[in-house]
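A.B. asks: Could you work out the structure for the sequence below:
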Amino acid sequence: MKVLLIDPPRTPISDGNIWKTLKRNLPSLGLFYIASLLEDNGHSPKIVDLNIEVFNRDGFVRMVKEEGFELIGITATTVQINSALFIAKTIKDAFPDKKIVMGGPHPNVMLEDVLAEDVVDYVVRGEGEFTMLELAGEKDLPDIQGLSYKSGRKIISNPRRPPIKDLDKLPFPARHLVSMYKYGPTPGNYKRLPAFSMITSRGCPGKCTFCNTDIFGKSIRFRSARNIADEIIHLIDEYRIKEISFYDDTFTISRANIEELSRIIMSERIDITWSCMSRIDCVNLQLLKLMKQAGCHSICYGIESSDEKILSNIKKRIKLSHVPEVIRWTKQAGIDVRISLMLGSPGETEKTLKNNIRYAVSLKPDLFIYNITTPFPGTEMFKWAKDKGYLKTLDWDDYDLGKVVMNLPDLRPETVEKYYRLAYRRSYIRPSYVFQRLKKIDSYESFVMHFKIFKEMLLGGV
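C.D. replies: Numbers count the residues shown, from 1 in each chain. Take a look at the predicted model:
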């Protein structure tokens, strides 16, 4: 079967949003995993990423007609869903008989709303690889686990598909289907180029109220260190990549696995530099030193707030007293520190917003990331905000981490937006910080990266 897989364009990011200033473009690895499994089983997938390709309606419709796709899959986060539905309507208007399936975070948790749209035939729930494979194989709809579909006006949801236990059995993402060099990580998040992204695990045991674990579940599964290393070697051999951005929510949750991976990289002299994300309660000095030896140069820690009560409200189970020590360990190991905080969480006041900025600056990280707290559908926070009547809007285009979508009782939206802009200015536009970063420049690529950061912070409108 010929299968078209589409990553719809993200809606225009609002002025003042840091992600409009610091442009990044990463592939939707979920689509690439689906494509690789389809290929391995004799199907002919094509990936169209409308974040790196310009959407032209007539050209798009002509491509669908000429290539004769029989099944069309569209992924969608919350901020993408309106674009996804527009693409689906474009296809259905031209080809009413084409079958369209949606998956991704938003359709997973809002499947009734999505299936209520005439332009959507199916929704894939949970991990999509084998559900899409069975759908492409024309298996009877009632027998496909993880699939929701319409029968007349009735929505039928088949039993949920169990999570994939052995992630090593999945083929590597089908990156050859697109020009991977059109993608790029966030400035400040790489040391060398070209850089590609990878994931080493699925699932999250955390209970943070702002996270949606609907697709991968709460039970975490790991790829083996050998399998991860083999993919790195494959990327070096096939694409001449120099850097990996690991996008696991908590890369170091299995210390033993990362220790083994680090030792493989060193023993086999794999020439790679890399960055990752972690939690302050999932590292120690010994592990950090080993990661540095294996090429790690940057770690992002999610701190989220400087207020213990707010951390309790959002169920972020970390101890603030441990944060300075972990940052000291990371710097001692020779690894750059990125920290992320959320502004406008339940329990936030203007006082705690001020404290967040002071606290972040006092930690002296290498890079700061601030986002406006956003209760995405499917999260505990979304249900809480909806039940309390705090949701300011259900316009999904506004759920871009740079707009306030909650009316909290002790905080005006304008105040959150003001401190969001102020946080970036007070964090980055300081002589001491600029001098600190200039000392880090050790190559032409590093110079270009730092130039982009300072330029965008000064001129980008944040």
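A.B. asks: Quick check: the nearest residue to residue 103 once chain neighbours are set aside vs residue 146, distance?
C.D. replies: What sits nearest to residue 103 in space, not counting adjacent residues and going by Cβ to Cβ, 6 or more residues apart in numbering, is residue 124, at 3.8 Å. In this view, the C-beta of every residue, glycine as well, is placed from N, C-alpha and C. In this view, residue 124 and residue 146 are 6 Å apart by Cβ to Cβ, to the nearest Å.
A.B. asks: before we move on, back to that, tell me how many other residues surround the residue nearest to residue 103.
C.D. replies: For residue 124, the count of nearby residues is 28 (other Cβ atoms under 10 Å).
A.B. asks: ok, now how distant is it from residue 148?
C.D. replies: Distance from residue 124 to residue 148, by Cβ to Cβ: 8 Å.
A.B. asks: shared neighbours of these two, which are they?
C.D. replies: Common neighbours of residue 124 and residue 148 are not found (criterion: Cβ atoms under 8 Å, 6 or more residues apart in numbering).
A.B. asks: hey, what's in contact with both of residue 124 and residue 146?
C.D. replies: residue 131.
A.B. asks: In the chain, what helix or strand scores lowest on average pLDDT?
C.D. replies: Least confident helix or strand, the chain: helix 18-21 with a mean of 49, by mean pLDDT, DSSP states H and E.
A.B. asks: which is the next helix or strand following that one?
C.D. replies: helix 29-40 (DSSP states H and E).
A.B. asks: what does stretch 191-201 contact?
C.D. replies: With contacts defined as Cβ under 8 Å, 6+ apart, stretch 191-201 is touched by 26-27, 29, 167, 175, 180-181, 183-185, 220-223, 228, 231-232, 235, 239-248, 251, 253-254, 257, 261, 273, 275, 297-298, 443, 445-446.
A.B. asks: Please report how far the closest residue to residue 332 other than its chain neighbours lies from residue 319.
C.D. replies: Among residues not flanking residue 332 along the chain, residue 285 sits closest, at 6.8 Å (Cβ to Cβ, 6+ apart). Distance from residue 285 to residue 319, counting by Cβ to Cβ: 17 Å.
A.B. asks: ok so, going back, weed out the non-buried ones from the contacts of stretch 191-201.
C.D. replies: Buried residues within those, counting neighbours by 16 or more other Cβ atoms under 10 Å: 27, 167, 175, 180, 183-185, 220, 222-223, 228, 231-232, 235, 241-248, 251, 253-254, 257, 261, 273, 275, 297-298.
A.B. asks: Could you give the secondary structure assignment for residue 337?
C.D. replies: Judged by DSSP: H, G, I helix; E, B strand; the rest coil, the three-state class of residue 337 is strand.
A.B. asks: quick one, phi psi at residue 299?
C.D. replies: Residue 299 adopts backbone torsions of phi -130, psi 140, taken as degrees, to the nearest 10.
A.B. asks: Let me know the pLDDT of it.
C.D. replies: pLDDT recorded at residue 299 is 96.
A.B. asks: ok, it touching residue 279?
C.D. replies: No: counting by Cβ atoms under 8 Å, residue 299 does not reach residue 279; the two are 10.1 Å apart.
A.B. asks: When those two are compared, which one has more neighbours?
C.D. replies: Ranked by neighbour count (other Cβ under 10 Å), residue 299 and residue 279 place residue 299 first, with 27 against 19.
A.B. asks: Mind listing the residues bridging to the more buried one?
C.D. replies: residue 276, residue 337 (DSSP bridges).
A.B. asks: which ones are touching it?
C.D. replies: Per Cβ under 8 Å, 6+ apart, neighbours of residue 299: 275, 276, 277, 278, 283, 288, 330, 335, 336, 337, 338.
A.B. asks: Please look at residue 57 and residue 90 and confirm they touch.
C.D. replies: Yes: in this structure, residue 57 is within contact of residue 90 by Cβ under 8 Å, at 5.9 Å.
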